[in-house]
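Peer 1: Sequence and computational prediction follow.
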Amino acid sequence: MGPHPSFAAILPIWCAAIGLAADPLLPDTDAPPARAGMKLFWNDEFAIDGRPDPKFWSSESGFARNEELQWYQSRNAACKNGALRIEGRKERVRNPNYSAGSSSWKTNRQYAEYTSSSITTSGRKTWQFGRVEVRARLDAQMGSWPAIWTLGTRGEWPTNGEVDIMEFYPSGTTPLFHANLAWGTATRWNAAWNSKTRTLSSFTSKDPDWVKKFHVWTMDWTKDSIVLSLDNTIMNAASLANTRNNDGTNPFKDRPQYILLNLAIGSNGGSPANAKFPMVYEVDYVRVYQTGSSSIAERLAAKDWRIAAIPGTPGQFLLTQSVDPDARWEIRSATGRLVLERRAEDGIRIDLGREPSGVYIARLRTRAGDAVSKLLR
């Protein structure tokens, strides 16, 4: 069957060579290559020693999701020799939230028997549309669940939209790669899924050393489609005409996303009882390209920011921006009194309900200048 018509615009981008490193066993030391019709929006080559750059990354802590076995902690992630190394370790950590007799899996375990790391660009680096490239090397043991995924900046899961660029975990005893999209349904916390899988053996049968090598996962995201690929092989291709939440919103069309890199242990990953530790998941780089305007000045001129009153909640507003990840919002009264000043993460909800009625001045301060708008309370 031929390509879906909605993917036609993205195929020239996808068909461009990804530019794998000359040595697939080592991190790529070359500068990010140019991509036809695109500009490099943001990248991290992990070319430092020590913790991931805090300008870009924060760490999750504790038990996070899916009744996984690991306790997330920042010290399991470090950059060395040009790559990020996330280690899953077999070590006991006390759960400070333990409550005897609790019905919650997050609090009824006195100890975690494993540790790992999950890092995220939430509140630091977000983008809407473009290409994401991540070069990584997996730990393919049973019990290991590495992932490269993105989440939308607004709304609770899954209405915010989830894209699993790569997940690796088994079905029974068969190791699988998963490439998924998830969005909301009429039932809270229940997702609609577009999921595709491919067996690890489909790669290792052609290259017995496949697991020892770095590979490139990509997400090509336009207003019409999301295409997920592995080393130029399409893993999933989804039309965004079919990804609407129950309330009619479309998380892959109306909000930016941020990226997460994590190594989970257990749960979907299977039992780690026979695994060798530490488990090691390495990420060589994360690169985000975008088409058209990409400089802060150009995005500012394109008005890639918005202030909208939230219906039914007088005095509450939603502030969104994809101009500059280091920008700040400033809101003053008509007399110049400072009402609010804070970092301009995308999707900020503010409440001016206790402020006097009248006109307020909202200012988005960026490295390329300011954008100013009136706000009526």
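Peer 2: Yep, that arrived. Small disclaimer: the values here were computed from a predicted structure and weren't measured. Numbering: from 1, shown residues only.

Peer 1: Which positions within stretch 218-236 qualify as buried?
Peer 2: Of the residues in stretch 218-236, 218-222, 224-231, 234-236 count as buried by neighbour count, 16 or more other C-beta atoms under 10 Å. (Glycine included, C-beta is placed from N, CA and C.)

Peer 1: Those: which two are farthest apart?
Peer 2: Asp224 and Asp231 (24.0 Å; C-beta to C-beta).

Peer 1: Can you tell me the element Asp247 falls in?
Peer 2: Secondary structure assignment for Asp247, by DSSP states H and E: no helix or strand.

Peer 1: tell me the contacts of it?
Peer 2: Thr159, Gly184 (C-beta atoms under 8 Å, 6 or more residues apart in numbering).

Peer 1: go with 10 Å
Peer 2: Gly155, Thr159, Gly184, Ala186 (C-beta atoms under 10 Å, 6 or more residues apart in numbering).

Peer 1: Repeat that for Ala297.
Peer 2: Val323, Asp324, Thr366, Arg367, Ala368, Gly369 are the contacts of Ala297 under C-beta under 10 Å, 6+ apart.

Peer 1: my guess is the second one meets Glu298, correct?
Peer 2: So the one you mean is Asp324. No: using C-beta atoms under 10 Å, Asp324 is not in contact with Glu298, being 11.2 Å away.

Peer 1: neighbour-wise, which of those two wins?
Peer 2: Asp324 (21 against 14; other C-beta atoms under 10 Å).

Peer 1: if I look at the more buried one, how far off is Trp127?
Peer 2: Distance of Asp324 to Trp127, computed by C-beta to C-beta, to the nearest Å: 12 Å.

Peer 1: before we move on, the earlier item: for PyMOL, what selects the buried ones among the contacts of Ala297?
Peer 2: To isolate the buried members of those in PyMOL, using 16+ other C-beta under 10 Å:
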select buried, resi 323+324+366
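
Peer 1: The contacts of Ala297 in strands, which ones?
Peer 2: Thr366, Gly369 (DSSP state E).

Peer 1: pLDDT and distance to Lys106 added to the contacts of Ala297, as TSV?
Peer 2: Below are those laid out as TSV (pLDDT from 0 to 100; distance: C-beta to C-beta, whole Å):
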residue	pLDDT	distance to Lys106
Val323	82	37
Asp324	80	36
Thr366	90	39
Arg367	85	40
Ala368	86	43
Gly369	89	45
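
Peer 1: Tabulate the contacts of Ala297 (JSON lines), appending distance to Thr335.
Peer 2: Formatted as JSON lines, those follow (distance: C-beta to C-beta, whole Å):
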{"residue": "Val323", "distance to Thr335": "27"}
{"residue": "Asp324", "distance to Thr335": "28"}
{"residue": "Thr366", "distance to Thr335": "25"}
{"residue": "Arg367", "distance to Thr335": "28"}
{"residue": "Ala368", "distance to Thr335": "28"}
{"residue": "Gly369", "distance to Thr335": "24"}
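
Peer 1: could I have the helix or strand that contains Tyr114 exported to CSV, CA atoms only?
Peer 2: Assigned by DSSP H and E, Tyr114 falls within strand 111-116. These are the backbone C-alpha positions of strand 111-116, laid out as CSV (Å, rounded to 0.1, in the frame of the first residue of the first chain):
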residue,chain,number,x,y,z
TYR,A,111,11.5,0.0,50.5
ALA,A,112,12.3,0.1,46.9
GLU,A,113,14.7,-2.7,45.8
TYR,A,114,15.9,-1.0,42.7
THR,A,115,16.9,2.6,41.6
SER,A,116,17.1,4.4,38.3
